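A.B. asks: The following comprises the amino acid sequence and a computationally predicted model.
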Amino acid sequence: MTWSEMQPLLTQGTVDTLYMVLWSALVTVLVGLPLGVLLVLTDKGGLLQNTPVNKVVGVIVNIGRSLPFIILLIALIPFTTWVVGTFIGPTAMIVPLAVGAIPFFARLVETAVREVDHGLVEAVQSMGGSITTIVRKVLLPQALPSLVSGITTTVIVLIGYSAMAGAVGGEGLGSKAVTYGFQRFDNRFMLITVALLIVIVTLVQLIGDLAVRLLARRGRTA
Amino acid sequence: MPGGHRAAHSTVTETPVITTTGLTKVYQSRDREVTALDGVDLHVREGEVYGVIGRSGAGKSSLIRCVNLLERPTSGTVTVAGQDLTALAGRGRRAGKELREARSRIGMVFQHFNLLASRTVRRNVELPLEILGVTGRERSRKALELLDLVGLADKADSYPGQLSGGQKQRVGIARALAGDPKVLLSDEATSALDPETTRSILQLLRDLNQQLGLTVLLITHEMDVVKTVCDSAALMRGGRVVESGTVGELLATPGSELAHELFPVGGTASAPDRTVVDVTFHGEAAARPVISQLSRTYNIDISILGAAMDTVGGRQIGRMRIELPGRFEENVVPIGFLREQGLQAELVDGADAGPGPATTPAPLTKEVAK
């Protein structure tokens, strides 16, 4: 393949990858964040201590985390078809990507929120703050740097998953690498897609680290 | 209540502000129960600074957390400013609206300040106002006013991480005052601070107590804190209040441990046949030359083994350990004289002379006395 043949494929692949990853990341955060907070609140000694809920959510999250993504991808085909109308293409891929990443992210949220000093929770309780206030004004803002670093990790995991999704009807760089690089034995194309993925991951990590550093600087140190 | 220095504390009234009755807290751990509070009755009067002192594990922390129901008492009642908080709490773990409203009228400061690192000083003080639903501009105005009150107006836009420990505690105090509370709970507020900063924070609490008529309930393990600011004190041990009362009452109570701790005087008898007496004087008795009168009246030589003079809660108090020649039986009259003068005279058993045929008490009793 010549460079002019590769270029549109790579551009399209990158656009599709970013499309899948960013949308699924958004869904993951929207669902995983409350789930992670719920895991902390319902835990023993938590503000909403509720062992049955905690156990059920915990088990679901663990199942989600232990399934290999490629299996999940196939197992979810009926569900994806039901939600999107098809299981092929970048939009359809958002569903399994999000479902795969939600449990992972929920655990990261749980760890981040659990690390917030209990004294702060107590202080807001002593002011008459409700649980909603505690979550909104203490737990989430205090955990923000850890949450952002969790989002970074999740986005990178999603980039990896999205490449895998390429094998099962998805689009994006992964799919291009499989179709043109692997199946047509074009090692040069394969290497270029891999390099491109490395660049994307590195950029995401850099942006994430920068955000964490900016957040952490707000008076936390000094 | 006698004592000229007390005039400054005329804000103390007999109205009870915090009352706990039969307060009990039992923690369930896996296979055993731990009783943190065992029937605590506490009476804090309006406008006073009340100190609860005890070692760690004595139940102080559970007690103060039960007062605003951060901890649910297992049994007993808590009344703050005429409101039965235990009744408001209901059964569930979650604090209902009424309890939360009651809490917003009780300020609390903490040992580790518990400030939000991600908010500026001003925004930290605004937090309780946000909870109370105060709107933006008013919130900001009130926060600055409170920061001015604690002497930190110039730090409004700093972050807690940029402040010293004492400054952080001042922010904590400003924040605790945001809801215009009648009552301030202080959970070891000075325990993480150096002695000098401790003094300035205690002074601030004292000033607020007098300027705003704020009732302060503080827990501490430092006797100095009680000595510096408290009108009344309670000693806790093993989940119970062992002694309590105004500082004056405690000092006038024979054998009071708190009085002894507030005023440690040492010294042992120099010879077997001596009588050792601890004399406590406060109020006007402190100004009279009682010891020299005693010496002249009965023509006896008095040695002073140890003495301490100090200001407790703004009142001059002294304690002295003296030695009289002869055994107790020979000194009944001089000791009676001291008591007649309005002093408190206690015979010190433990300081009795060393072993020897002359000592009368049985060894077993002595062991117990120690």
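C.D. replies: Looks like it arrived, so ask away. Numbering: from 1, shown residues only, chains lettered A, B, ... in the order given.
A.B. asks: What residue, apart from its backbone neighbours, is nearest residue B:319 spatially?
C.D. replies: residue B:263 (3.9 Å; Cβ to Cβ, 6 or more residues apart in numbering or on different chains). Quick note: C-beta positions are derived from backbone N, CA and C, even for glycine.
A.B. asks: Do I have it right that the one you found meets residue B:311?
C.D. replies: No - using Cβ atoms under 8 Å, residue B:263 is not in contact with residue B:311; the gap is 11.6 Å.
A.B. asks: quick one, which of these two is more surrounded?
C.D. replies: residue B:263 (23 against 11; other Cβ atoms under 10 Å in any protein chain shown).
A.B. asks: could you measure the more buried one against chain A, distance?
C.D. replies: Separation of residue B:263 from chain A (Cβ to the nearest Cβ, to the nearest Å) stands at 35 Å.
A.B. asks: Can you tell me how far that residue is from residue B:309?
C.D. replies: Counting by Cβ to Cβ, to the nearest Å, the gap from residue B:263 to residue B:309 is 9 Å.
A.B. asks: Find residues that contact each of those two.
C.D. replies: Common contacts of residue B:263 and residue B:309 (Cβ atoms under 8 Å, 6 or more residues apart in numbering or on different chains): B:317, B:319.
A.B. asks: so where do the strands sit in chain B?
C.D. replies: Ranges of strands within chain B are B:16-28, B:33-45, B:49-53, B:75-80, B:83-84, B:106-110, B:183-187, B:215-220, B:232-237, B:240-246, B:274-282, B:303-312, B:315-325, B:344-347, based on DSSP state E.
A.B. asks: Can you tell me what sits against the fifth one?
C.D. replies: Looking back up the chat, that one is strand B:83-84. Counting by Cβ under 8 Å, 6+ apart, B:77, B:78, B:102 sit against strand B:83-84.
A.B. asks: The closest residue to chain A within the stretch 151-300 of chain B and residue B:332, how far apart?
C.D. replies: Per Cβ to the nearest Cβ, residue B:159 is where the stretch 151-300 of chain B lies closest to chain A, at 2.0 Å. When distance is defined by Cβ to Cβ, residue B:159 is 67 Å away from residue B:332.
A.B. asks: Kindly report the residues of chain A close to chain B.
C.D. replies: Within reach of chain B by Cβ under 8 Å from any Cβ of the partner chain, chain A has these residues: A:47-49, A:117, A:119-120, A:122-131, A:133, A:137-138, A:141-142, A:144, A:215, A:218-222.
A.B. asks: In helices, which of the residues you listed appear?
C.D. replies: A:119-120, A:122-126, A:131, A:133, A:141-142, A:144, A:215 (DSSP state H).
A.B. asks: Generate a PyMOL selection restricted to the buried subset of those residues.
C.D. replies: The PyMOL selection below is limited to those of these classed as buried (16 or more other Cβ atoms under 10 Å in any protein chain shown):
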select buried, chain A and resi 120+122+123+124+125+126+131+133+141+142+144+215
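A.B. asks: follow-up on the earlier one: of residue B:159 and residue B:332, which one has the most company?
C.D. replies: The neighbour comparison of residue B:159 against residue B:332 (other Cβ under 10 Å) goes to residue B:159, with 22 against 10.
A.B. asks: ok, that one touching residue B:116?
C.D. replies: No - counting by Cβ under 8 Å, residue B:159 sits too far from residue B:116 to count as a contact (9.4 Å).
A.B. asks: Now for the closest residue to chain A within the stretch 1-150 of chain B, how many residues are close by?
C.D. replies: Nearest to chain A, among the residues of the stretch 1-150 of chain B, is residue B:104, at 3.3 Å (Cβ to the nearest Cβ). Residues lying near residue B:104 (other Cβ under 10 Å) number 21.
A.B. asks: Same check on the one 10 residues further on?
C.D. replies: Residue B:114 is surrounded by 24 other residues when neighbours are defined as other Cβ under 10 Å.
A.B. asks: how about it, what does it touch?
C.D. replies: Residue B:114 sits in contact with A:117, A:119, A:120, A:122, A:123, B:172, where contact means Cβ under 8 Å, 6+ apart.
A.B. asks: My read is that the fifth one contacts residue B:109, right?
C.D. replies: No - taking contacts as Cβ under 8 Å, residue A:123 lies outside contact range of residue B:109: 9.1 Å.
A.B. asks: Find me the pLDDT at residue B:154, would you?
C.D. replies: Note for residue B:154: predicted pLDDT of 93.
A.B. asks: I misspoke; the intended subject was residue A:210.
C.D. replies: On pLDDT, residue A:210 comes in at 94.
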